[in-house]
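Asker: Fold the following and give me the result.
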Amino acid sequence: MLTNKPKELPESNQYGTAKLPPGQLYTEKFPVMTYGPTPIVEKEHWGLHIHGLVSEEKKWNWEEFMALPQTTLKADFHCVTHWSRFDDDWTGVLFKDFWTEIQGLVSPDATHVMQHAYGGYRTNLPLTWMLEEDVMFAHSLNREPLPTEHGGPLRIFTPKRYGWKGAKWIESLEFMPKDKPGFWEQNGYSNSANPWNEERYWE
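Answerer: Numbers count the residues shown, from 1 in each chain. Next comes the predicted model:
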């Protein structure tokens, strides 16, 4: 069920912007929005690697990645298809904490990051946004393992951008010297995806 606003929720979120962005409707459900088939990635076969503008490529298996600092973030999820969920607990590794691990490997010429997913999906963000906006590698939702249909075992969550800017089933990060569009960006969707400006599609 979609409504304009749930009862007894604050007008603003923890970032000081409107709790419900313009053009959005609140839902308690979590609709599954995926282009193409859902890849099934077992944890024992999962790996994350970095490539592109790096001095050496490096890969983490599940146990190695879970040994990184863990954070739980209470945040909202906004979908470009006009629905929003409020106040879920997302647990995982903040990109800024992961950056502490890899910064020495990444060239200072890197300005953008392409997220590559198992199954072929990809989406792009400026490196500064990934560092400044609580971008997270999330493995748990409300203290339970992230469901496969929502990107489990690990997805990227972008609380300040529409949901497609965080790749489900994340497989690798490509560090780039300039921006280039991902899948939906090549198909008419906004490159910046700011929900509070309703940046849904290219001008």
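
Asker: Okay, now the unreliable bits of this protein?
Answerer: 1-8, 203 (pLDDT under 70).

Asker: the helices in it, which residues?
Answerer: 62-66, 95-102, 127-132 (DSSP state H).

Asker: buried set for the longest one?
Answerer: Think helix 95-102. With burial defined by 16 or more other C-beta atoms under 10 Å, the residues of helix 95-102 counted as buried are 95-96, 98. Where C-beta positions appear, they are placed from N, C-alpha and C, glycine not excepted.

Asker: Surely Trp99 touches Thr128?
Answerer: No: using C-beta atoms under 8 Å, Trp99 is not in contact with Thr128, being 11.1 Å away.

Asker: Now do the shared contacts for those two.
Answerer: When C-beta atoms under 8 Å, 6 or more residues apart in numbering defines a contact, no residue borders Trp99 and Thr128 alike.

Asker: The nearest residue to Pro37 once chain neighbours are set aside: neighbour count?
Answerer: Sequence neighbours aside, Gly119 is the residue nearest to Pro37 in space, at 6.9 Å (criterion: C-beta to C-beta, 6 or more residues apart in numbering). By other C-beta atoms under 10 Å, 18 other residues sit near Gly119.

Asker: Gly119 contacts Pro39, doesn't it?
Answerer: Yes: in this structure, Gly119 is within contact of Pro39 by C-beta under 8 Å, at 4.1 Å.

Asker: rewinding a little: could you take the buried residues of helix 95-102 and lay them out as JSON lines, with extra columns for distance to Thr148?
Answerer: Shown next, in JSON lines, are the buried residues of helix 95-102 (distance: C-beta to C-beta, whole Å):
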{"residue": "Phe95", "distance to Thr148": "22"}
{"residue": "Lys96", "distance to Thr148": "27"}
{"residue": "Phe98", "distance to Thr148": "22"}
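
Asker: show me the contacts for Phe98.
Answerer: Shown in contact with Phe98 (C-beta under 8 Å, 6+ apart): 68, 137.

Asker: ok, back up a step: what's the residue nearest to Pro37 sitting at in phi/psi?
Answerer: Per-residue torsions, Gly119: phi 100, psi -10 (degrees, to the nearest 10).

Asker: Could you check how far the closest residue to Met176 other than its chain neighbours is from Tyr162?
Answerer: Among residues not flanking Met176 along the chain, His112 sits closest, at 4.6 Å (C-beta to C-beta, 6+ apart). Applying C-beta to C-beta, to the nearest Å, one obtains 18 Å for the distance of His112 from Tyr162.

Asker: Who has more neighbours out of these two?
Answerer: Tyr162 (25 against 20).

Asker: Just confirm that one contacts Cys79, I think it does.
Answerer: Yes: in this structure, Tyr162 is within contact of Cys79 by C-beta under 8 Å, at 6.5 Å.

Asker: Give me the neighbour count for Lys59.
Answerer: Quick note: Lys59 (other C-beta under 10 Å) scores 12 neighbours.

Asker: could you list every residue that touches it?
Answerer: Listed by C-beta under 8 Å, 6+ apart, the contact set of Lys59 reads 47-49.
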